[in-house]
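Novice: coords below, sequence missing:
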């Protein structure tokens, strides 16, 4: 049996929006709202120099004396964002992001931003993996088997409209 390694490039958001280092947080906020995104790689002359997130903007806005119209991206960005290559195994990137509580990774290829991998992309990957994984008996099924002393058959059910596995399974005890 062969297993295929899932890579960051399989789930990253390709050709992400980015922002220039000299623009303001208000510009970043408007761009994030318009494109419904939460992370913007920050570029200076085409080179990655940082990352600005919706959290950075919220933090500045929570400081009453600072104005997002006047604060530049450079003043609020994370200067050393986590980066990964497109061929980085998804497991490696996900573990690093979880360990360091990061919301995204900027995907670089030949020092050029080619994507962003976010926690939302990670959730899509998890959902896809759970969809294709075999159904494993949970605590309830094991308890029923133990109590009944009969073989338990777990029958995955499918959603009638999408054809995807349903959230629940039907249980059947054989005698």
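Specialist: Nice, thanks for sending it over. It should be emphasised that the depicted structure is a prediction, and the values quoted were computed from it without experimental measurement.
Novice: from here on, contacts and neighbour counts on C-alpha atoms
Specialist: OK.
Novice: tell me the domain boundaries of the protein?
Specialist: Per the record, the chain has its domains at 8-127, 135-173, by automatic domain parsing.
Novice: most packed of those?
Specialist: domain 8-127 (a mean of 17; mean count of other C-alpha atoms under 10 Å).
Novice: where does the protein dip in pLDDT?
Specialist: For the chain, the stretches with pLDDT under 70 are 1-3, 133-175.
Novice: just the strands in it please.
Specialist: 13-14, 19-20, 39-44, 47-53, 83-84, 104-109, 112-118, 152-158, 165-173 (DSSP state E).
Novice: what is the third one packed up against?
Specialist: Strand 39-44 makes packing contacts with strand 19-20, helix 25-35, strand 47-53 when contacts are defined by 3 or more C-alpha pairs under 8 Å, 6 or more residues apart in numbering; DSSP states H and E.
Novice: got a list of what the nearest residue to residue 17 once chain neighbours are set aside touches?
Specialist: Once flanking residues are discounted, residue 17 sits nearest to residue 40: 6.4 Å by C-alpha to C-alpha, 6 or more residues apart in numbering. Neighbouring residues of residue 40 by C-alpha atoms under 8 Å, 6 or more residues apart in numbering: 16-19, 28, 32, 51-53.
Novice: can you rerun that using 10 Å?
Specialist: 16-20, 28-29, 31-32, 50-54, 77, 104, 106, 116 (C-alpha atoms under 10 Å, 6 or more residues apart in numbering).
Novice: who does the residue nearest to residue 19 when sequence neighbours are not counted form a beta bridge with?
Specialist: Of all residues not flanking residue 19 in the chain, residue 42 sits nearest, at 5.1 Å (C-alpha to C-alpha, 6+ apart). Taking DSSP bridges as the rule, residue 42 bridges to residue 19, residue 50.
Novice: doesn't residue 51 make contact with residue 42?
Specialist: Yes: under the criterion of C-alpha atoms under 10 Å, residue 42 makes contact with residue 51 at 5.1 Å.
Novice: quickly list what's touching both of those two.
Specialist: Joint contacts of residue 42 and residue 51 (C-alpha under 10 Å, 6+ apart) are 18-19, 21, 73-74, 77-79, 81.
Novice: including distance to residue 126, could these go into a markdown table?
Specialist: Shown next, in a markdown table, are the shared contacts of residue 42 and residue 51 (distance: C-alpha to C-alpha, whole Å):
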| residue | distance to residue 126 |
| --- | --- |
| 18 | 26 |
| 19 | 29 |
| 21 | 33 |
| 73 | 32 |
| 74 | 34 |
| 77 | 29 |
| 78 | 27 |
| 79 | 29 |
| 81 | 23 |
